[in-house]
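Student: Here is a sequence together with a model predicted from it:
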Amino acid sequence: MNNTKNIVVLVSGGGTNLQALIDAQSNGQLGCGKITCVISSKADAYALTRAQNNGIKTRTLIRKDYADIVSYSIAMRDALIEEKADIVVYAGFMTILDENVCNAFQNKMINVHPTLIPSFCGKGYYGLHVHEEALKKGVKVSGATVHFVTAECDAGPIILQRAVEVLDDDTPETLQKRIMEQAEWKILPLAVQLLCDDKITVVDGKTYIK
Ligand code: GAR
């Protein structure tokens, strides 16, 4: 029998992916996981309100309060240790943390990215911009990916992906919405459940799901 795992969710914005996790938890779909804290890199992120509305502890760790990414990453690592995080989920978290965090939480930290990695990913590809680029390129299929976080942006082992059709009249906004609804909000809670229940192994940079 597994013990409860503390899930700490990192956010920067609206928090619809956080909401999907909260809803999954309410429906008993996070396995042994429990969301114990939400940490935001922005003071005005609506994700903080979503957490508070659901009785979840919140913290803010503002990127601009730190001189560089090294000191910010160390502060984040210390906060995660303080919160006794077993699993860390980036849910629209827009800062790339360095190896101080990634090494401390190797194969315990996951991110949702709104494309099919390795397309439209890496530094500079986030939020609405990725959908603008996908439409510019004329791809017929896009989607979302959940992957482990490593120090290299969007390059960690892929856990789950789901494809979503691109329509001729899509705007970045409509594509973003469909990818969230059909892919992100489904595969992120599922990946968290699999991780909490120790169902994911990583061998040579690839994941295998039991
Ligand atoms: C989501 O689409 C998420 O995949 C994306 O930002 C949005 C956040 O929305 N993340 C990235 O682009 C990270 N590279 P949310 O705050 O409503 O969950």
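Tutor: Arrived safely.

Student: For this protein, give the residue positioned nearest to the ligand.
Tutor: Per C-beta to the nearest ligand atom, G92 is where the chain lies closest to the ligand, at 2.7 Å. Where you see a C-beta, it was placed from the backbone N, CA and C, and this is true even at glycine.

Student: ok, that residue - contacts?
Tutor: By C-beta atoms under 8 Å, 6 or more residues apart in numbering, the contact list for G92 reads V11, S12, G13, G14, G15, T16, N17, L18, A47, V112, G127.

Student: which residue sits closest to the third one, ignoring its sequence neighbours?
Tutor: In space, not counting the residues next to it along the chain, G13 is nearest to G92; the distance is 4.9 Å by C-beta to C-beta, 6 or more residues apart in numbering.

Student: follow-up on the earlier one: the residue of the chain closest to the ligand sits in which helix or strand?
Tutor: Using DSSP states H and E, G92 maps to neither a helix nor a strand.

Student: tell me the pLDDT at it?
Tutor: On the pLDDT scale, G92 is placed at 97.

Student: G143 too?
Tutor: pLDDT for G143: 98.

Student: And for M1?
Tutor: pLDDT, M1: 51.

Student: Just give me the least confident of the contacts of G92.
Tutor: Across the contacts of G92, the bottom pLDDT score, 91, is held by G127.

Student: any idea how far that residue lies from T150?
Tutor: Distance, G127 to T150, using C-beta to C-beta, to the nearest Å: 21 Å.

Student: do L10 as well
Tutor: Going from L10 to T150 by C-beta to C-beta gives 15 Å.

Student: Between the two, which is the more surrounded one?
Tutor: L10 (29 against 18; other C-beta atoms under 10 Å).

Student: Next, count neighbours for the closest residue to that one other than its chain neighbours.
Tutor: Leaving aside its chain neighbours, L10 sits nearest to F93 (3.8 Å; criterion: C-beta to C-beta, 6+ apart). Neighbours of F93 under the rule other C-beta under 10 Å: 27.

Student: Ok, R77 next?
Tutor: By other C-beta under 10 Å, neighbour count at R77 equals 21.
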